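Colleague: below are the sequence and a predicted model; questions follow.
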Amino acid sequence: MALLVAAPDLAAVIVQWRRWLTHERRLSPHTIGAYERDLRSFIAFLAPHLGEAPGLAALARLRPADFRAWLARRANDGLGRASMARALSTLRGFYGWCERNGHLANHAIRSVRTPRLTHRVPRPLRAEDALEIVARTGALARQPWIGLRDMALFSLLYGCGLRISEALGLSAAQASATDTLTVTGKGGRQRMVPVLPLVREALTAYRAACPYHLAADQPLFRGARGGRLNPAVAQRAMRAARGWLGLPDTATPHALRHSFATHLLAGGGDLRSIQELLGHVSLTSTQRYTEIADTALLSAYRNAHPRAR
């Protein structure tokens, strides 16, 4: 990470912090990149704010007003409250790590309030629309194997509740089991999810049609040229499908995951089980779905999900 406006001592510490995020926290490159951008924004603000390239001593002297000035600048630049809250969390995490490792201490950041967030409820698709996307998306692909790939991918998102990053991160070996799938989620945490027969059939059909050799340790989902499938390509496939079916812009790959949770809950799924299937650390994250479907809780996953019927 190149921070040209940082003093050498701070730049060196940032390199150590990034190494810790990678090897100890085992965060994804996407998450680490977001943290780096937050910290880069803060350092870039401090240089003109302080009139010098900030170093460790400067960070230790900052007052609450300095942190609030940074947040005000971010708000003026158009950053939303959720992004500002994440940026402040990143900064608190960095300061906490620095203190634990003896680099600097400054408790002023603890007095800075997190921007209040607007409560957002997930927007799932109707069950029939989710099933229609999975069934029809293949017809829009320019090659039959690509259509089968997109159907398999969207089947995983809706049938197993995967994040798109989790699905695209699967290796061919991970998807070879018959009735379960081991998924590596946020923070490197692993979970096991059941695979419905129709999802397994979609995966099998894609693997048989894929023109590239799917070695055990190589990505399961491939792009047109054989490399790992880019999330943007999947997003485009979803846009084409929702346009063809007349669905709203809220019909996204992530909406399929929301639909998975909402339809399970509406069908009698147990909240704790759904939490485990989604890979949520906190039950609070899963409880958002009770605002959409507040029904009696049962335990049978396969009987609850529309694709199992």
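Modeller: Structure's in. What do you need? Here the structure is a predicted model, which is why all the values come from computation and not from measurement.
Colleague: other residues contacting the top helix by length along the chain?
Modeller: In the chain, assigned by DSSP state H, the helix with the most residues is helix 29-50. Defining contact as Cβ atoms under 8 Å, 6 or more residues apart in numbering, one finds that helix 29-50 is touched by 1, 3, 5-6, 10, 14, 18, 21-22, 27, 53-54, 58-59, 62, 66, 69-70, 73-74, 86-87, 90-91, 93-94, 165, 186. The C-beta positions use only the backbone N, C-alpha and C, and glycine is treated the same way.
Colleague: the same query, at a cut-off of 7 Å, please.
Modeller: Residues from elsewhere that reach helix 29-50 (Cβ atoms under 7 Å, 6 or more residues apart in numbering): 1, 3, 5-6, 14, 18, 21-22, 53-54, 58, 66, 69-70, 73-74, 86-87, 90-91, 94, 165.
Colleague: just checking, which of those belong to helices?
Modeller: 14, 18, 21-22, 58, 66, 69-70, 73-74, 86-87, 90-91, 94, 165.
Colleague: farthest pair within those residues?
Modeller: Longest distance between any two of the ones in helices among the contacts of helix 29-50 is 36.0 Å, between Ala58 and Ser165; criterion Cβ to Cβ.
Colleague: looking at these two, which one has more neighbours?
Modeller: Per other Cβ atoms under 10 Å, whichever of Ala58 and Ser165 has more neighbours is Ala58, with 19 against 16.
Colleague: distance check, the closest residue to that one other than its chain neighbours against Arg61.
Modeller: With Cβ to Cβ, 6 or more residues apart in numbering as the measure, Leu50 is the residue that lies nearest to Ala58, at 5.8 Å, once sequence neighbours are left out. For Leu50, the distance to Arg61 equals 9 Å [Cβ to Cβ, to the nearest Å].
Colleague: one more: Arg136?
Modeller: Arg136 is 60 Å from Arg61, by Cβ to Cβ.
Colleague: give me the neighbour count for Tyr35.
Modeller: Using other Cβ under 10 Å, Tyr35 has 22 other residues around it.
Colleague: please renumber so the chain begins at 59
Modeller: In the new count, where the first residue is 59, that last one comes out as Tyr93.
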